[in-house]
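> dropping the sequence and predicted coords here.
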Amino acid sequence: VNLPIPKPTPAPVFEPQYYPVHKGKKLYLIAQNEPLRGDLKHGDRITGAHAGSIFACQRAANLKGLGRAFYPLLSTDMFNMDYVVPPTYRYGVPLVNLYGEVLFDDFMSLVEGRSRPQAKILNFDGADIADDIVAPCIWIGQKPIYLNGDYEYAAQSKCRNWQSTYPGENGFSWFLYQLLIMHLDYFLNKTLN
């Protein structure tokens with residue numbers, strides 16, 4: 001019996017996708033592809049919390065050829081969400097989406113809620129997250145400031161430092177349907193971007 005020998009197929013070569021390049025500095029604001037609950041677990045990974053969300057961001061960015069310098073905008077017990085962006089980049093450096101379209105004039109416009117997004121907020125697959133009916137909000141947590149020493153309130157607003165999915169607790173989120181940055185309480189067992 002003479003069987004034909006199959007020709008070897010070459011391994012696929014990774015080619016990064018290039019998006020419009022703006023002159024000067026810019027910061028990317030890109031949402032996760034898959035929604036996460038209040039414990040921020042990614043798939044079947046054992047760890048969740050802030051470390052799990054960092055892993056998810058960097059993995060998605062690396063798969064798109066954007067490098068690994070992507071971090072989640074979340075408040076934790078140790079940091080407010082603006083710790084991700086150094087002070088020299090908070091003003092005058094535009095926030096752009098995956099395709100290079102300007103979302104906000106600078107980081108502080110986003111954080112302080114001074115304006116609406118000027119373009120669509122996209123995930124790493126290029127889908128508009130405002131159209132995602134499964135995940136209408138983004139987890140952010142609350143600043144690590146305790147009201148009158150109320151540590152319990154602060155812990156609950158960050159889903160127990162992003163390790164809880166208990167439905168009786170709430171976490172702070174941004175509401176996206178109207179593309180307005182509004183702080184809302186959301187139950188921790190819900191799935192959000």
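The structure has been received and is ready for your questions.
> now do the strands in the protein.
In the chain, the strands defined using DSSP state E lie at 27-28, 95-96, 102-104, 137-139, 170-175, 183-187.
> the first one - contacts with which helices or strands?
What it means is strand 27-28. strand 95-96 (3 or more CB pairs under 8 Å, 6 or more residues apart in numbering; DSSP states H and E). Where C-beta positions appear, they are placed from N, C-alpha and C, glycine not excepted.
> and the strand it packs on, what does it pack against?
So strand 95-96, by 3+ CB pairs under 8 Å, 6+ apart, packs with strand 27-28, strand 102-104, helix 107-111.
> for M81, find the nearest of those.
When those are compared for distance to M81 using CB to CB, the nearest one is helix 107-111, at 7.3 Å.
> what lies in contact with the closest one?
Residues outside helix 107-111 that contact it (CB atoms under 8 Å, 6 or more residues apart in numbering): 27, 29, 81-82, 85, 89-91, 93, 95, 103-104, 114-115, 181.
> recalculate using a threshold of 6 Å.
D82, V85, R90, Y91, L95, F104, S115 (CB atoms under 6 Å, 6 or more residues apart in numbering).
> please apply the same query to stretch 114-122.
Everything outside stretch 114-122 that qualifies as a contact, by CB under 6 Å, 6+ apart, is N97, L98, E101, V102, L103, S109, D128, I129, L179.
> wait, which of those is closest to L40?
I129 (16.6 Å).
> beta partners of the closest residue to that closest one other than its chain neighbours?
In space, and not counting its chain neighbours, I129 is closest to A31: 4.6 Å by CB to CB, 6 or more residues apart in numbering. Beta bridges link A31 to N123 when assigned by DSSP bridges.
> helices of the protein, residue ranges please.
Along the chain, the segments classed as helices by DSSP state H run 49-63, 107-111, 151-157, 159-162.
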